[in-house]
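Visitor: From the sequence below, what's the structure:
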Amino acid sequence: MEQLVQTARDLTPEAKKTIRDAGDKISKGAALKISRLPPDQQEEAAAVLTIAPPAPKRQGMMDSESALSEFKALCARYVSGIEALHHRADIFAGMTISQFDALGDSAYSVTTAIKEFFEKVHEIRHEMEKENES
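Guide: Residues are numbered from 1 along each chain as shown. I've put the predicted structure just below:
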């Protein structure tokens, strides 16, 4: 929050306009760095970033840890929700054929989504390993 306040306080009006007009080409982090420049350099720095924004960095360890935590939390919520239904398994067992088919379709869509996600991650990882070998 302090960094946002600092950015808003220290940017020149011209630099603010350039950053605002740039949309998502200039990140909050880049805007903060620009706000730390001398006022006579801010507008030019912001303009340079709108023309050639910095190349996105590969997600670092902190980002991967955060993504892993998010994925694990999602899986834990899913498992917990399914386990909460165990005491009502008899209700599911007594469903009509069409309801049971819908239950199977839902379960299949979840497992397929997880499988496709893992395959995509594995494919990207394999490509990254090949790049590192080169």
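
Visitor: what's the distance between residue 100 and residue 94?
Guide: For residue 100, the distance to residue 94 (Cβ to Cβ, to the nearest Å) stands at 9 Å. C-betas here are computed from N, CA, C, even on glycine.

Visitor: So for those two, which sits in the more crowded spot?
Guide: Ranked by neighbour count (other Cβ atoms under 10 Å), residue 100 and residue 94 place residue 100 first, with 13 against 9.

Visitor: In contact with the closest residue to that one other than its chain neighbours, which residues?
Guide: Using Cβ to Cβ, 6 or more residues apart in numbering and skipping residues adjacent in sequence, the residue nearest residue 100 is residue 92, 7.7 Å away. By Cβ atoms under 8 Å, 6 or more residues apart in numbering, the residues touching residue 92 are 85, 100, 103.

Visitor: can you tell me which helix or strand the second one belongs to?
Guide: Same thing as residue 100. Assigned by DSSP states H and E, residue 100 falls within helix 97-133.

Visitor: what comes up buried for that helix?
Guide: Within helix 97-133, no residue counts as buried by 16 or more other Cβ atoms under 10 Å.

Visitor: now do stretch 18-27
Guide: Neighbour counts over stretch 18-27 (16+ other Cβ under 10 Å) mark 18, 19, 22, 26 as buried.
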